[in-house]
Structures are given as structure tokens and as C-alpha cells.
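Novice: Fold the following, please.
(one chain, ligands or ions: 2)
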Amino acid sequence: MSRFSDAKEVYQEMGVNVDAALEKLSKVKISMHCWQGDDVIGFDSQELTGGIAATGNYPGKATNPEELMADIDKALSLIPGKHKLNLHASYAITAEKVERDKLEPKHFHAWVDFAKERGLGLDFNPTLFSHAKAADNLTLSSPDDSIRRFWIDHCKKTRKIAAYFGKELGCTALNNVWIPDGYKDIPGDRLGPRKRLKAALDEIFQEKYDKKYLADSVESKVFGLGVESYTVGSHEFYMNYAAKNNLLCLLDTGHFHPTEMVSDKISAMLLFADQLALHISRPVRWDSDHVVLFDEELKEIAKEIVRCDALDRVFIGLDFFDASINRISAWVVGMRNMEKALLYALLMPHQALKKMQDEKNFTQLMAMMEELKTLPFGDIWNQYCEQQEVPQGMAWFTEVQKYEAHVLSKR
Ligand SMILES: C[C@H](O)[C@H](O)[C@@H](O)C(=O)CO
Ligand SMILES: [Mn+2]
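Specialist: Ligands and ions are numbered 1, 2, ... in the order given. Modelled structure (predicted):
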């Protein structure tokens with residue numbers, strides 16, 4: 001008997017269908033963020049602004065499209081499954097400088113070819129930071145008409161580009177709007193900036209695209225570096241805006257108060273919206289964007305998605321940027337952990353647990369939940385890696401070490 005068949009029997013005794021879980025997981029697409037590869041610099045700026053920070057100085061970061069694509073390829077070769085790549089508008093590949101409000105689908109042809117060749121989907125984001133017109137962290141809510149106009153036009157262009165991704169790749173592209181807008185100190189007017197943001201969004205989302213190709217989301221935040229006292233696009237603002245305008249609300253796991261758990265929000269959001277978008281990150285004391293670990297909250301998020309039977313209603317994207325470790329390793333750890341968490345959730349007898357709760361069998365519920373934690377999960381995960389033809393255990397890390405020695409260290 002192999003370790004896998006032994007483990008499968010253990011799960012079967014708990015009433016879990018392991019083959020069905022593996023099959024379901026193989027269909028889940030996770031959006032891998034391109035910006036872990038170069039500390040969110042992009043190809044049209046030198047410095048990261050907008051109240052976010054990639055700390056660390058690990059050598060070997062990608063500095064051009066060829067390097068970034070090669071690094072993404074390396075990471076994907078170590079991650080089971082077929083996924084999506086998440087691009088920011090600042091990663092346009094152009095011969096000459098093209099201002100962000102003038103970007104067109106043609107400036108992303110190279111990325112579409114890249115995605116087609118690898119069977120990937122693409123997601124997209126307007127980039128409203130790391131730019132002279134966002135120097136004071138005011139973009140769509142700016143009191144300056146010309147600044148607002150520039151960013152409204154930029155966001156409109158990104159919707160067009162994302163719809164093009166969706167059509168070309170036959171896979172709905174999520175275009176997510178996040179803005180850094182806010183104030184360092186107590187504002188004299190909270191309503192005004194929010195009114196301006198609302199009007200700007202109304203204009204951005206006026207044009208209708210086929211939902212088969214484009215899904216629009218808006219991302220809230222509690223605070224940013226340098227904008228500690230007031231964030232224009234708060235959670236209440238965007239939750240209401242999304243609900244009223246039939247857009248997706250995007251919850252970033254680092255964008256809430258430290259004791260607030262995104263896992264608890266998922267079922268509530270899904271009761272009122274067809275779809276939901278997530279940025280899976282790991283806040284450590286603040287929105288620090290640490291690499292996603294296989295920790296309790298990640299498991300809880302995955303459990304909620306699975307329990308709500310919502311694997312096809314939730315856009316799962318990663319959002320972290322650690323510049324203190326090997327960046328390919330950061331991607332691989334984060335992506336594999338997201339998949340691990342989903343597999344872990346798929347290997348739970350949810351109906352039995354629900355019944356225990358409904359019948360007020362709380363003692364049994366706790367006992368069962370604790371037993372589930374020590375089932376031979378690793379053997380099932382290894383089987384998944386084998387099925388998907390990617391290295392198991394630390395073998396993937398050996399590949400990263402080789403790549404560092406042969407490629408990254410030469411940059
Ligand atoms: C690159 C950013 O992390 C991203 O656009 C945004 O989603 C965010 O989370 C800002 O804090
Ligand atoms: Mn985010």
C-alpha cells in the first residue's frame with residue numbers, strides 16, 4: 001500500500017471523497033500577482049509610492065519584461081495546476097513611453113501571447129500610484145479636475161484592456177480598482193473626497209462590457225503609510241458602491257483592522273452578491289504584505305469558500321511583496337499554500353460538521369475539528385503534486401536554488 005492509498009482510507013473513514021477533492025482542486029485558478037517579481041516597480045516608474053512598501057534588498061529582482069517573464073515561468077513550473085497571472089497597468093510593454101491614460105490593448109500584446117502559450121488567464125489593475133500625478137496620494141478623489149480626469153481616463157483604458165484579455169484568452173479577466181487616496185492627519189472634509197470618488201467611479205463604469213470577458217471590482221483599505229487618518233475608499237464606501245452598481249467587492253486580507261477576519265466576511269458577502277474577489281495577503285501588525293503561509297486564517301478562508309460551494313464565484317488572487325527573500329520562492333510558497341488550504345478545506349466532512357452544529361453537538365464538533373487537524377494531509381498533497389507533475393516536498397526549493405545560482409545571481 002502506498003502512503004497515498006493509506007491516507008485516502010483514513011479520509012474515507014471520515015466520510016471524505018479524496019478523488020473528488022483532487023479533481024475539484026485541479027479546476028481552481030488562482031491569480032498570481034506579477035508584482036512580487038520586481039517589488040511592485042513596474043516598467044514605467046522607478047519608485048514605489050501610494051502608501052505601500054516592499055521592504056528588503058534580496059538580490060536578483062527582475063528589472064525588465066524578459067527577466068520577469070522568465071521568473072514567472074520558473075515559479076509556475078513549481079506550482080501545481082493551471083492558473084491566472086495578475087498584471088498592473090504599470091507593466092505595459094511599449095517601445096516608447098506611453099502615458100497611463102493613453103494605454104491600449106496593443107501595449108499588452110506580449111503578455112497576451114505569453115499567457116496564450118502557457119494556457120494562463122490574465123487579470124488586470126489600473127495603477128494609480130508610483131506616478132507624478134499621484135504624488136500626494138490623491139487620484140480619483142483629488143480636488144484638482146485635471147488629476148481626476150487623468151486617472152478616470154486611465155481606469156477606463158484598463159477596463160478596455162482587461163476585456164480584451166478576457167476575449168483573447170476565453171477566461172474572464174478581473175479588473176480591480178484600488179486607489180491610495182487619503183490624508184495623513186484628521187481631515188476637514190470627509191464627504192467631499194468620497195463624493196468625488198463616487199462620481200469618478202460612475203464615469204469609469206459607465207461603459208458596459210460583456211461579463212463573459214470582464215469582471216469589475218473595487219478594493220477598500222483601512223489605512224496606508226502616510227495616509228493614516230483617513231482613507232477615501234474605505235470598506236463601507238466600496239461595499240455599498242459595489243452592491244449598488246452590481247460590481248464585485250474585493251476584500252484584501254491585509255486591509256482591515258488586525259483583529260478583523262476576512263474569513264468571517266465571505267459568507268455574508270456571498271449572500272448578497274453573485275461573486276466576490278479576494279486579495280490573499282498576510283498582514284503582520286499592519287498591511288505588511290508578507291508571503292502567504294499555510295496558517296489558520298488561510299485555512300479558514302478556504303473552508304468558507306468551500307462550505308459556501310463558491311469555488312466558481314470567488315476570484316482568488318494573491319497580493320504580497322517581500323523583497324527580503326528569493327522572490328520566486330515567495331511566489332511558490334504563496335501559491336502552493338493557497339492550493340494547500342483549498343485542498344485542506346475540500347478534505348473536510350462539512351455536512352457532518354454542519355449537522356453537529358445544528359443539533360447543538362458542540363462537544364463532538366470541537367473533537368472532530370481537532371481530529372481533522374492531524375489526518376495525513378501531506379500524503380494527499382504530495383499525490384496532487386505528483387498528478388500535476390510538479391516537485392513534492394523540498395524538491396521544488398532545490399530548483400529555486402539552482403535558478404538563483406544560474407540566473408538570478410548573474411543579474
Ligand atoms: C500592488 C498593490 O498591493 C495592490 O494594487 C493593491 O491591491 C493593494 O493591496 C494596496 O495596498
Ligand atoms: Mn490588494
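Novice: need the strands for the stretch 251-400 of the chain, in chain order.
Specialist: 276-280, 282-284, 286-290, 314-318 (DSSP state E, counting those that start in this stretch).
Novice: quick one: is the first one near ligand 1?
Specialist: If I follow you right, that is strand 276-280. Yes. Using C-beta under 6 Å from any ligand atom, strand 276-280 reaches ligand 1 at residue 279. Every residue, glycine included, has its C-beta placed from N, CA and C.
Novice: so what strands line up beside that strand?
Specialist: Applying DSSP bridges to the sheet, strand 276-280 is found paired with strand 248-252 (parallel), strand 314-318 (parallel).
Novice: Which stretch among these approaches residue 354 most closely?
Specialist: Closest to residue 354 of the strands paired with strand 276-280, according to C-beta to C-beta: strand 314-318, at 19.5 Å.
Novice: got a list of contacts for the closest one?
Specialist: With contact meaning C-beta atoms under 8 Å, 6 or more residues apart in numbering, strand 314-318 is reached by 28-33, 36, 84, 86, 123, 174, 176, 215, 217, 248, 250, 266, 270, 275-281, 292, 305, 334-335, 338.
Novice: is it possible to export the strands paired with strand 276-280 to TSV including distance to residue 64?
Specialist: Output for the strands paired with strand 276-280, formatted as TSV (distance: least, C-beta to C-beta, whole Å):
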stretch	distance to residue 64
strand 248-252	28
strand 314-318	22
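Novice: Put together a markdown table for those strands, with distance to residue 345, mean pLDDT and mean neighbour count on each row.
Specialist: Formatted as a markdown table, those follow (distance: least, C-beta to C-beta, whole Å; pLDDT from 0 to 100; neighbours: other C-beta atoms under 10 Å):
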| stretch | distance to residue 345 | mean pLDDT | mean neighbour count |
| --- | --- | --- | --- |
| strand 248-252 | 17 | 98 | 24 |
| strand 314-318 | 12 | 98 | 24 |
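Novice: Quick check: which of those is nearest to residue 72?
Specialist: strand 314-318 (12.7 Å).
Novice: what about the closest one, near ligand 1?
Specialist: No. On the criterion C-beta under 6 Å from any ligand atom, strand 314-318 is out of touch with ligand 1, staying 8.5 Å away.
Novice: just how off-centre is that strand within its chain?
Specialist: 5 Å (C-alpha atoms, centre = their mean, to the nearest Å).
Novice: what angle do that strand and strand 286-290 make?
Specialist: With axes from the mean of the first three to the mean of the last three C-alpha atoms, to 10 degrees as the basis, strand 314-318 and strand 286-290 are set at 80 degrees to each other.
Novice: Which of the contacts of strand 314-318 fall in helices?
Specialist: With DSSP state H as the criterion, helices contain 266, 270, 305, 334-335, 338 from among these.
Novice: and residue 109, how many neighbours does it have?
Specialist: 13 (other C-beta atoms under 10 Å).
Novice: wait, isn't residue 205 in contact with residue 248?
Specialist: No. Contact criterion C-beta atoms under 8 Å: residue 205 and residue 248 do not qualify, at 11.5 Å.
Novice: thinking again about what came up before, please name whichever of the strands of the stretch 251-400 of the chain is nearest to residue 14.
Specialist: Proximity to residue 14 (C-beta to C-beta) singles out strand 314-318 among those, at 25.2 Å.
Novice: residues contacting residue 272?
Specialist: Per C-beta under 8 Å, 6+ apart, neighbours of residue 272: residue 243.
Novice: sorry, back to before: pick the most buried one from the strands of the stretch 251-400 of the chain.
Specialist: strand 276-280 (a mean of 26; mean count of other C-beta atoms under 10 Å).
Novice: Contacts for it next, please.
Specialist: 174, 176, 215, 217, 219, 248-255, 262, 266, 269-270, 292, 298, 301, 310, 313-319, 334, 338.
Novice: Mind checking the pLDDT average for stretch 257-274?
Specialist: Taken as a whole, stretch 257-274 has a mean pLDDT of 97.
Novice: Looking at the ones in helices among the contacts of strand 314-318, spot the one nearest ligand 1.
Specialist: residue 334 (13.2 Å; C-beta to the nearest ligand atom).
Novice: The nearest residue to that closest one once chain neighbours are set aside: how many residues sit nearby?
Specialist: Once flanking residues are discounted, residue 334 sits nearest to residue 292: 4.2 Å by C-beta to C-beta, 6 or more residues apart in numbering. As a burial measure, residue 292 scores 24 neighbours (other C-beta under 10 Å).
Novice: Of all the residues in the stretch 51-200 of the chain, which one is nearest ligand 2?
Specialist: residue 178 (5.9 Å; C-beta to the ion).
Novice: Could you double-check that that residue lies in contact with residue 217?
Specialist: No. Between residue 178 and residue 217 there is no contact under C-beta under 8 Å: 9.1 Å.
Novice: one step back: out of the strands of the stretch 251-400 of the chain, which comes closest to residue 192?
Specialist: Per C-beta to C-beta, nearest to residue 192 of the strands of the stretch 251-400 of the chain: strand 286-290, 25.1 Å.
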